[in-house]
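**Q** Provided below are the primary sequence and the corresponding predicted coordinates.
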Amino acid sequence: MVAHLTPTLCPLLIVKVGSSLLVEGDGTVRREWLQTLVADIAARHRAGQKIAIVSSGAIALGARRLGFEKGGRASLADAQASASVGQILLSGLWAELLAAEGMTAAQILVTLDDLEDRRRYLNITATLDRLLGAGAVPVINENDSVATAEIRFGDNDRLAARVAQAAGAQGVVLLSDVDGLYDRDPRDPEAQLVSEVATIDGKIRLMVTGGSSSGMGSGGMASKIDAADIATRAGIGLSIASGLRPHPLSALDNGAPSTWFAPRPGGSARKGWIGGRLSVKGQIIIDAGAAKALRSGASLLPAGAVSVSGEFRRGDVVDIVSKDGETLARGLSEYDADDAKLICGRQSAELETLLGAVPRTVLVHRDQMVLL
Ligand code: GLU
């Protein structure tokens, strides 16, 4: 099934480990299981595959140490305090287990902004490249102790997909406590596992029910589908598989049930980066003619825009929305919101009179836009 994730087809793999796999319900570490995962990682490493780990579990581990209720998730302050205690334990654990298999762990803690801001994104890319080139195994988590609610990923599924983009990975495995995506509520006896998804459309999203089943992590199937969307748009394949069995990566190689999200043909890291941006700053509503032009690959001209909302600067991400409210595309605006409002619905020839100069003829260039 996941032949796509062999070292030849996938020289760099991102493995995400959910909180419920790292920590038991009572807060103790599932060390034996982790050893089997690290043994799998070591085998792949020896076979020449580079691996980065996205590890959850800081909040769950720290909450136990601090004696906080609700797994440390009763408030943001509890979660942040838990994470700062738990992250030390978590990195120590990975460093020890990876070292026992002859590998060097490297810790990277990131915030949402680090991966959304183009310059910081490039910095992280360079750090990851250097570490992976030196044979280290980056262990990545969100910097939960400093990130406030608005600037948090909140779940490590999407973080893993964004890290995959930044690192230039070809594949992601999300290890969780479910086998994959079911076509309806998995508690329904009729539910069938979907083993392969070619395109993430409305039908796939409708299959998703509820949040994290363990109640320990913050992900759930919805955030896994979002992660798959981000990854596949960037041309990266993503697998959701259960980590409840020992040696979960070998199990996957040997045909254990899973859901494989195929990379989009022609997906590119740049377009993936735009499509995956989580902080969209504004909206441009467009008319039917412009919607048709966009679908056939054209740029968005001011003439096709009906209205503009939000506060954005040139280069910020905006959603391009039809009059019916359907989000058609996402792209980097060539104008700030005030100028975009001014030229909305105007012909290109009028721009110079309106603005005094014409820095750009389009509102959103097709190379800086991804159709949704
Ligand atoms: N970053 C969180 C932690 O380390 C986990 C987020 C998630 O549940 O996906 O506890």
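**A** On my side now, so go ahead. Residues are numbered from 1 along each chain as shown.
**Q** how close does residue 130 sit to residue 148?
**A** Distance, residue 130 to residue 148, using CB to CB, to the nearest Å: 29 Å. (Each C-beta comes from the backbone N, C-alpha and C, glycine too.)
**Q** mind listing the helices for the protein?
**A** Ranges of helices in the chain, per DSSP state H, are 19-22, 31-46, 58-66, 76-100, 112-116, 118-133, 156-167, 202-206, 221-233, 248-253, 269-276, 288-295, 337-343, 351-355.
**Q** hey, least reliable of these by pLDDT?
**A** Lowest mean pLDDT within the helices of the chain: helix 269-276, a mean of 74.
**Q** can I get the helices of the chain in CSV with mean neighbour count and distance to the ligand?
**A** Formatted as CSV, the helices of the chain follow (neighbours: other CB atoms under 10 Å; distance: least, CB to the nearest ligand atom, whole Å):
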stretch, mean neighbour count, distance to the ligand
helix 19-22, 26, 5
helix 31-46, 17, 15
helix 58-66, 24, 3
helix 76-100, 19, 6
helix 112-116, 19, 12
helix 118-133, 15, 17
helix 156-167, 28, 4
helix 202-206, 12, 19
helix 221-233, 24, 7
helix 248-253, 21, 17
helix 269-276, 20, 16
helix 288-295, 16, 34
helix 337-343, 18, 33
helix 351-355, 13, 45
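**Q** Reformat those helices as TSV; add distance to residue 174.
**A** What follows is the helices of the chain, written out as TSV (distance: least, CB to CB, whole Å):
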stretch	distance to residue 174
helix 19-22	11
helix 31-46	13
helix 58-66	17
helix 76-100	17
helix 112-116	17
helix 118-133	19
helix 156-167	6
helix 202-206	15
helix 221-233	6
helix 248-253	11
helix 269-276	15
helix 288-295	31
helix 337-343	36
helix 351-355	46
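**Q** These: which one's closest to residue 328?
**A** Nearest of the helices of the chain to residue 328, taken as CB to CB: helix 288-295 at 5.8 Å.
**Q** so residue 259 sits right up against residue 183, yeah?
**A** No. Using CB atoms under 8 Å, residue 259 is not in contact with residue 183, being 10.5 Å away.
**Q** and the two? which has more neighbours close in?
**A** More crowded of residue 259 and residue 183, by other CB atoms under 10 Å: residue 259, with 25 against 15.
**Q** which ones are touching the more buried one?
**A** Residue 259 makes contact with 179-181, 193-197, 239-241, according to CB atoms under 8 Å, 6 or more residues apart in numbering.
**Q** and the nearest residue to it once chain neighbours are set aside, how many residues sit next to it?
**A** Ranked by CB to CB, 6 or more residues apart in numbering and with sequence neighbours excluded, the top spatial neighbour of residue 259 is residue 180, at 3.2 Å. Residue 180 has 24 neighbours, counted by other CB under 10 Å.
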